[in-house]
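Visitor: My questions concern the predicted model and sequence given below.
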Amino acid sequence: MPIQQRRGVGTGSPTAGLPITSNGVQSGSSRSRNHRRPKIVSLYARHSPIRWVILIVISMALASLLWKPVVLFFGVQKKIAPGHNFNLSRKVKQNPDASGTNGRSDLPLSKFSELSFALRNSDLVALYFAASWCPMSTPVSVALDKSFGNKGVLLTPNGGRNTLAVVYVSSDKTLDEYDGYLHNRDWLAVPFDSPQRSELKRHFSTCAHRELEELGIDRKHEIPTIIVIDSKTHGIITTNGADDVDKMGDGALKHWKDMQTWIKKTAGSMT
């Protein structure tokens, strides 16, 4: 039944003659609902989409920072050198002996006497697998010379202890190629006629394609490759040294030192 009450009683009211109906009541109620304030989603609400977006972004940022050390820590040793039995928790003597193996025969590279000078007299050893005939080796060699040559950081055959030793593990075809590639370079090198040249390639599963049949290995890395080693523990710091030198120049050395420090701290926290 329609409501017949009037809005105004006084004769002077402009709405005195307008009746209020049920439709008018419903219309007013509808307008009241439409003018309510919009609901504000709190950032701290459990189901807030903004909160989840922020958490995802933070997680992705942390993952991008940690993936490389984690992969290095858990996977690189077995992937690149299955026989490179490196234990992060091993205790190493502070005073190395003349062999460069800290008096320990169980260190992974202790069997390679050609590396003893480099291991004994440097903090890091960069094993450079390359060849003079390989066109991809040329820019890496140039980058090595530009980044570290004549800057006082490389261990030389007649020099004292230094930060970094670059050891050339050659895939050259002849002694003349080998000698020519080392000319005027501050690198150490595994002698061309040494059987340890092939043994190192087998140990690290790294060689030129033409050597695969001769070495009989399942190759993990082709040339050029730079594998950076911690001289004290013989642990692998990185197998991407060539890319590091190409992208970072002389900053690659600081990068390797930082990774070395991170690995030692991680090893200490696990013991």
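Guide: Arrived safely. Numbers count the residues shown, from 1 in each chain.

Visitor: going forward, measure contacts between C-alpha atoms and count neighbours the same way
Guide: Noted.

Visitor: Which positions in stretch 184-199 come out as buried?
Guide: For stretch 184-199, the neighbour count (16 or more other Cα atoms under 10 Å) marks 186, 187, 188, 189, 190, 191, 192, 196, 197, 198 as buried.

Visitor: Then stretch 233-244?
Guide: For stretch 233-244, the neighbour count (16+ other Cα under 10 Å) marks 233, 234, 235, 236, 237, 238, 239, 241, 242, 244 as buried.

Visitor: which residue ranges form the helices in the stretch 151-271 of the chain?
Guide: Under the criterion DSSP state H, counting those that start in this stretch, helices of the stretch 151-271 of the chain are mapped to 175-182, 196-204, 212-215, 241-248, 251-270.

Visitor: and these, which one is worst for confidence?
Guide: Of all those, mean pLDDT reaches its minimum on helix 251-270 (a mean of 88).

Visitor: Remind me what it packs against, helices and strands.
Guide: Counting contacts by 3 or more Cα pairs under 8 Å, 6 or more residues apart in numbering; DSSP states H and E, helix 251-270 packs against strand 236-238, helix 241-248.

Visitor: For residue 119, give its distance to residue 228.
Guide: 12 Å (Cα to Cα, to the nearest Å).

Visitor: So for these two, which residues contact both of them?
Guide: residue 125 (Cα atoms under 8 Å, 6 or more residues apart in numbering).

Visitor: thinking again about what came up before, among the helices of the stretch 151-271 of the chain, which is nearest residue 49?
Guide: Smallest distance to residue 49 across those (Cα to Cα): 35.9 Å, for helix 251-270.

Visitor: now that closest one and helix 241-248, what's the angle there?
Guide: 120 degrees (axes from the mean of the first three to the mean of the last three Cα atoms, to 10 degrees).

Visitor: With respect to residue 176, which of the helices and strands packed on helix 251-270 lies nearest?
Guide: Closest among those, using Cα to Cα: helix 241-248, at 24.5 Å.

Visitor: Which other helices and strands does the closest one contact?
Guide: By 3+ Cα pairs under 8 Å, 6+ apart, helix 241-248 packs against helix 137-148, strand 225-230, helix 251-270.

Visitor: Show me which residues of the first one are buried.
Guide: Residues of helix 137-148 classed as buried: 137, 138, 140, 141, 143, 144, 145, 147, 148 (neighbour count, 16+ other Cα under 10 Å).

Visitor: Am I right that the third one is in contact with residue 246?
Guide: Yes: between residue 140 and residue 246 a contact is recorded at 6.7 Å, counting by Cα atoms under 8 Å.

Visitor: Quick one: name whatever helix or strand follows the worst-scoring helix or strand of the chain on mean pLDDT.
Guide: The least trusted helix or strand in the chain, going by mean pLDDT, DSSP states H and E, turns out to be helix 77-80, with a mean of 47. Using DSSP states H and E, the next helix or strand after helix 77-80 towards the C-terminus is helix 116-121.

Visitor: Check the burial of residue 126 by counting its neighbours.
Guide: The local packing of residue 126 (other Cα atoms under 10 Å) involves 26 other residues.

Visitor: my bad, should have said residue 151
Guide: Neighbour tally, residue 151, other Cα under 10 Å: 10.

Visitor: Same check on residue 129?
Guide: For residue 129, the count of nearby residues is 25 (other Cα under 10 Å).

Visitor: what's the answer for residue 157, then?
Guide: 13.

Visitor: List the beta-bridge partners for the nearest residue to it once chain neighbours are set aside.
Guide: Among residues not flanking residue 157 along the chain, residue 188 sits closest, at 6.4 Å (Cα to Cα, 6 or more residues apart in numbering). Residue 188 has these beta-bridge partners by DSSP bridges: residue 167.

Visitor: neighbouring contacts of stretch 179-192?
Guide: By Cα under 8 Å, 6+ apart, stretch 179-192 touches 114-115, 118, 132, 145, 149-150, 154-157, 165-170, 175, 178, 196-197.

Visitor: I meant stretch 140-159, not that one.
Guide: Residues contacting stretch 140-159 (Cα under 8 Å, 6+ apart): 118, 121-122, 161-166, 185-188, 224, 242, 245-246, 249-250.
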